[in-house]
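Trainee: this one's structure only:
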Ligand SMILES: C[S@@+](CC[C@H](N)C(=O)[O-])C[C@H]1O[C@@H](n2cnc3c(N)ncnc32)[C@H](O)[C@@H]1O
């Protein structure tokens, strides 16, 4: 079934004033690879002077009501002497811009990121740093009747049938990639302009874009085969719909499968899941939210995303109580997952990911509470945290995500199973160290060799670099667990 469309009413012209206008030919020019150009164009926060928090609240009240779902009735009876207003007239009320308060978008070590442009005192309440109106976002919902938003695809366009051929619940990423490609193709559409600020094929970290030999560098067979399957799925989809004689208006959206893989990478690594209310429905939606998609990940994020139903705004908010210094990066927590999950979806891993897992097969058991207390780690097994209140008591500061991660996976004994005899504890720690050592030895390269490859090869491809970093991070985690078990034995057992 085709969805009727009312583009003039539902999709306003919403270009921030400072957005560089695209010249008609510019989208035909291939971007230079990253090393040949000085980064992506700078994304300027389009808001005027940032207002204090109190004013933000006042401004919200002034926002004109958004009548996204109530287009004027076209078949209202007009007296014959009256003419309908120019379609532009209707756009006025819908044209809302993104607003930004006290932030700037800068190129950093993890690509583009969002940084504080002034100090922020810790406040008891969360506060807004970005507001992104719904109409700037590309949205695909997982259930009918609302399929995607904005409703920009004209009736009868073949991309609609391509989208319709997929399963809304499982193929949200393919669907959103089609919608994104379509949005890029509409002259002066917001996304056509925003695409200048998205990472190019050479800059994108997604492993969907990695050649097979780079995937082999991962030395994680499960992840490599998972990525090959993802690539196969995307290429099959592209071949099914594009690799044949088709109308030009469809063909030009993704002339080669690389273009489709890139769009899919953008969707997977930049979209968020939200529960949106659309009219009477509350829907699980996958959303590409411009500007908010410049936020990088941190497990100790200082910001979070908040969907405001009333004005249909996505807000980025600083967590309550956070003090932020000018120049600090603003981050959100993408998910609590192991490194392989981050690699699969976003193409990066972290040496201190507190959700990383090492599954020990050794029967050795260790007393978890005493292990944790050596590193000032407190809390229940699922929510271990560094207890800084204890830092003055125990001098070691050796705690990072890797030790928390180790603690999550350590085999433990429950009261009564094993007597708390230091020699048993020591044996357990040694057995676990030995298992880590064997796992570490199973990598054909050492930590130093991987580091050398990364340091010495100036022309290393992006995806190969990512694969080697991941392999390095896994080894570093093992090394840190071994070190932690050393410290544990020194501190507690003797
Ligand atoms: C939502 S985008 C964030 C903006 C992105 N940095 C850019 O340049 O446009 C997600 C991508 O940012 C990068 N990224 C985010 N957090 C990261 C982190 N903690 N470490 C390394 N890369 C990160 C990865 O390339 C990821 O796929």
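Mentor: Cool, the structure landed. Please read these numbers as outputs of a predicted model, since none were measured by experiment.
Trainee: Going by C-alpha atoms from here, please, whenever you check contacts or count neighbours.
Mentor: Fine.
Trainee: check which helix or strand covers residue 452.
Mentor: Assigned by DSSP states H and E, residue 452 belongs to helix 447-456.
Trainee: Give me the mean pLDDT for that helix.
Mentor: The average of the pLDDT scores along helix 447-456 is 93.
Trainee: going forward, begin numbering at 36 instead of 1
Mentor: From this message on, residue numbering opens at 36, which makes the last subject helix 482-491.
Trainee: Who are the packing partners of that helix?
Mentor: If you count contacts as 3 or more CA pairs under 8 Å, 6 or more residues apart in numbering; DSSP states H and E, helix 482-491 packs onto helix 497-523.
Trainee: list the helices and strands the helix it packs on packs on?
Mentor: helix 247-251, helix 436-444, helix 457-476, helix 482-491.
Trainee: Report the angle between the last one and helix 497-523.
Mentor: Direction vectors for helix 482-491 and helix 497-523, defined by axes from the mean of the first three to the mean of the last three CA atoms, to 10 degrees, enclose an angle of 140 degrees.
Trainee: likewise the longest one?
Mentor: With the same axes, to 10 degrees as the basis, helix 457-476 and helix 497-523 are set at 160 degrees to each other.
Trainee: Quick one: the strands in the stretch 136-285 of the chain, in order.
Mentor: 138-143, 146-151, 162-168, 173-176, 183-184 (DSSP state E, counting those that start in this stretch).
Trainee: Can you give the distance of the shortest one from its chain's centre?
Mentor: Read it as strand 183-184. Its chain's C-alpha centre and that of strand 183-184 lie 20 Å apart, by CA atoms, centre = their mean, to the nearest Å.
Trainee: now swap in the first one and tell me
Mentor: Centre-to-centre, strand 138-143 and its host chain are 16 Å apart (CA atoms, centre = their mean).
Trainee: Just the buried residues of it, please?
Mentor: By 16 or more other CA atoms under 10 Å, the buried positions in strand 138-143 come out as 138-142.
Trainee: related to what we said a few turns ago, list the buried ones in the helix holding residue 487?
Mentor: For helix 482-491, by 16+ other CA under 10 Å, it's 482, 485, 489.
Trainee: where's residue 192 relative to residue 198, distance?
Mentor: 11 Å (CA to CA, to the nearest Å).
Trainee: How about residue 302?
Mentor: 15 Å.
Trainee: residue contacts, the residue lying closest to residue 194 once chain neighbours are set aside?
Mentor: Sequence neighbours aside, residue 285 is the residue nearest to residue 194 in space, at 6.3 Å (criterion: CA to CA, 6 or more residues apart in numbering). When contacts are counted by CA atoms under 8 Å, 6 or more residues apart in numbering, residue 285 touches 193-194, 277.
Trainee: how about these in JSON lines, adding neighbour count and distance to the ligand?
Mentor: Converted to JSON lines, the contacts of residue 285 look like this (neighbours: other CA atoms under 10 Å; distance: CA to the nearest ligand atom, whole Å):
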{"residue": "193", "neighbour count": "17", "distance to the ligand": "29"}
{"residue": "194", "neighbour count": "21", "distance to the ligand": "26"}
{"residue": "277", "neighbour count": "22", "distance to the ligand": "26"}
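Trainee: nearest to residue 415, of those residues?
Mentor: residue 194 (49.6 Å; CA to CA).
Trainee: Check whether the closest one really touches residue 212, as I assumed.
Mentor: No - counting by CA atoms under 8 Å, residue 194 stays clear of residue 212, with 10.9 Å between them.
Trainee: Is it correct that residue 371 falls within a strand?
Mentor: No - counting by DSSP: H, G, I helix; E, B strand; the rest coil, residue 371 falls outside a strand, being coil.
Trainee: for the ligand, what are the nearby residues on this protein?
Mentor: Neighbours of the ligand within the chain, by CA under 6 Å from any ligand atom: 145-148, 233-234, 240, 304-305, 328-333, 381-383.
Trainee: Restricted to buried residues, select these in PyMOL.
Mentor: Here is the PyMOL command that selects only those of the residues of the chain next to the ligand that count as buried (16+ other CA under 10 Å):
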select buried, resi 146+147+148+233+234+240+304+305+328+329+330+331+332+333+381+382+383
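Trainee: just to revisit the earlier point, look at the residue nearest to residue 194 and report its pLDDT.
Mentor: 97.
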